[in-house]
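Asker: Curious how this folds, go ahead:
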Amino acid sequence: MSNLCVLIMAAGKGTRMKSALPKVLQPVLDRPIIDYVISNAQSAGIMPENIGVLVGSGGELAEQHITRNFQSVKILWQHEQLGTGHAVKSARDWWKNYDDLVVLNGDLPLMKTESLRELVSSAGKNDCTVITFEAENPGAYGRILRGENSVSIVEYKDASEEQRKIHEVNAGCYIFKVKSLLAVIDSINNNNSQNEYYITDALALMNEKGMSTGALILPEKEMQGVNTQSELANVTRIKRFEILERLMNNGVRIVDPESVYIGEDAVIARDVVIMPNVQIWGRCIIGEGSYIGSGSIITRSVLGSHVVVTAYAVIENSILSDDSKAGPFCYIRDGSYLEEKAFAGKFVELKNSHIGKGSKVPHLSYMGDATLGHDVNIGAGSITCNYDGERKNKTFIGNNCFVGSNTMFVAPVELSDGAATAAGSVITQRVPENSLGVGRARQKNIADWSLRNRHHNTTTEGEK
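Answerer: Sure thing, here's the model as predicted:
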């Protein structure tokens, strides 16, 4: 590969999106549009330090996102939006030190890595190569005018009626020899209907100087940009089905693809069954033979092999080991960890808790900031009272413990190995090994209370 850089154009206002969020930060599935473009460049072999993103309107938000997620990528600024030619020129102090410059639109989440590699591999072939595609409905795209050994572009608003009949259009992506671009970029003017500086004029200027210009035709689907919410929805739909098809081709069973959403970063093994209305977001890893039940949402989590998520479970930033089970209607979050064959059942919430091998939290319980040993059974309605108003406190429950229903652990507190609690207890102190912790008032029975109370109520009703 030559001494090459990639300039990603992300300075536009995106006014037709009707959103306060910059266009390149609009989400396609679970990632902003710009992430797909930067990741595509990196996948094509471009080093992060050779990638520059040109920001402008809403650029502070874009800069924050990019520097947080792509630390080595260069942020460049176009403080006035005066057209694509002006945009490329605004970044000249950066790209002038390279041999070749690739210019990409920042709203192309569907472009394939193989297509970008093909463009990059054409470096040196022409002074400029432009990406084009055959548009079914060319609309307002710039039209491609082919000469015998050259290519030029006319913008739609400046095109004649005859030129508007052309279906080969400009995708807005180029590769330039830097020396050739430097020779013409200052000659680009704004003598057009928009009073803007078009980078497309660089091709005409190169042709005038006898330089070589050419075109690389790519599929229309890859070149779909995003300018409206409708286009965003359409691109998202295409990307979603691309991901689902790839997973199914690798042996994942997706029962109803029309209702399932899975982000691009998910890694899912063969023989995983995904039922309808499932969402899987972020860097998730799901092991072979696992089952994800209807209505479940899994985000940035790791599931081992043969994990069963029965239905309507929400799992975030957590790990479920082999043969563990969760759901229905459970919430597992904030770094929770289920060891092998552990179980978090219906209407259970786990927060930053470690559930040991074979341990069970079957129903109607909250375990927050808790560590459970192996083979623990948590009775229904039990909770860890982990927050004292200032800080989160830990609860430790040892191996082979039995927790009676409706036990309250007032953290910090410990239940040692083999210990148990009586139902309805409030545990405020350590329970020693193999002991029973009882923390409740002694029961008192009042004889004939119902008879007396019933007589009183009857009299009262009669007086009414």
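
Asker: Restricting to C-alpha, output stretch 259-272 in PDB.
Answerer: The C-alpha coordinates for stretch 259-272 follow below in PDB (Å, rounded to 0.1, in the frame of the first residue of the first chain):
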ATOM      1  CA  SER A 259     -38.600  -9.400  14.400                       C
ATOM      2  CA  VAL A 260     -34.900  -9.900  15.500                       C
ATOM      3  CA  TYR A 261     -32.300  -7.100  15.900                       C
ATOM      4  CA  ILE A 262     -28.600  -7.900  16.300                       C
ATOM      5  CA  GLY A 263     -25.800  -5.500  16.100                       C
ATOM      6  CA  GLU A 264     -22.700  -6.000  14.000                       C
ATOM      7  CA  ASP A 265     -20.300  -6.600  16.900                       C
ATOM      8  CA  ALA A 266     -22.200  -9.700  18.200                       C
ATOM      9  CA  VAL A 267     -20.300 -13.000  17.900                       C
ATOM     10  CA  ILE A 268     -22.800 -15.900  18.000                       C
ATOM     11  CA  ALA A 269     -21.800 -19.600  17.700                       C
ATOM     12  CA  ARG A 270     -23.600 -22.300  15.700                       C
ATOM     13  CA  ASP A 271     -26.700 -24.000  17.000                       C
ATOM     14  CA  VAL A 272     -27.700 -21.000  19.000                       C
END
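
Asker: what packs against the longest strand seen in the chain?
Answerer: Determined from DSSP state E, the single longest strand within the chain is strand 168-177. Using 3 or more Cβ pairs under 8 Å, 6 or more residues apart in numbering; DSSP states H and E, the elements in contact with strand 168-177 are strand 100-105, helix 113-121, strand 128-134, strand 143-146. C-beta coordinates here come from the backbone N, C-alpha and C atoms, glycine included.

Asker: Among the ones you listed, which comes closest to residue 32?
Answerer: strand 100-105 (14.4 Å; Cβ to Cβ).

Asker: how much space is there between the nearest residue to residue 241 once chain neighbours are set aside and residue 96?
Answerer: Excluding the flanking residues, the one nearest residue 241 by Cβ to Cβ, 6 or more residues apart in numbering is residue 257, at 6.9 Å. According to Cβ to Cβ, to the nearest Å, residue 257 and residue 96 sit 48 Å apart.

Asker: Let me know the pLDDT of residue 272.
Answerer: We have a pLDDT of 98 for residue 272.

Asker: do the one 10 residues further on as well
Answerer: Note on residue 282: pLDDT of 97.

Asker: who are the neighbours in contact with it?
Answerer: Residue 282 makes contact with 30, 263, 265-266, 299-300, according to Cβ atoms under 8 Å, 6 or more residues apart in numbering.

Asker: try residue 355
Answerer: 336-339, 342-344, 361, 367, 372, 376.

Asker: Strands - which of the residues you listed land there?
Answerer: 337-338, 343-344, 361, 367, 372.

Asker: Switch the helices and strands packed on strand 168-177 over to JSON lines; also include distance to residue 420, mean neighbour count and mean pLDDT.
Answerer: Formatted as JSON lines, those follow (distance: least, Cβ to Cβ, whole Å; neighbours: other Cβ atoms under 10 Å; pLDDT from 0 to 100):
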{"stretch": "strand 100-105", "distance to residue 420": "64", "mean neighbour count": "25", "mean pLDDT": "97"}
{"stretch": "helix 113-121", "distance to residue 420": "58", "mean neighbour count": "17", "mean pLDDT": "96"}
{"stretch": "strand 128-134", "distance to residue 420": "70", "mean neighbour count": "24", "mean pLDDT": "96"}
{"stretch": "strand 143-146", "distance to residue 420": "79", "mean neighbour count": "20", "mean pLDDT": "94"}
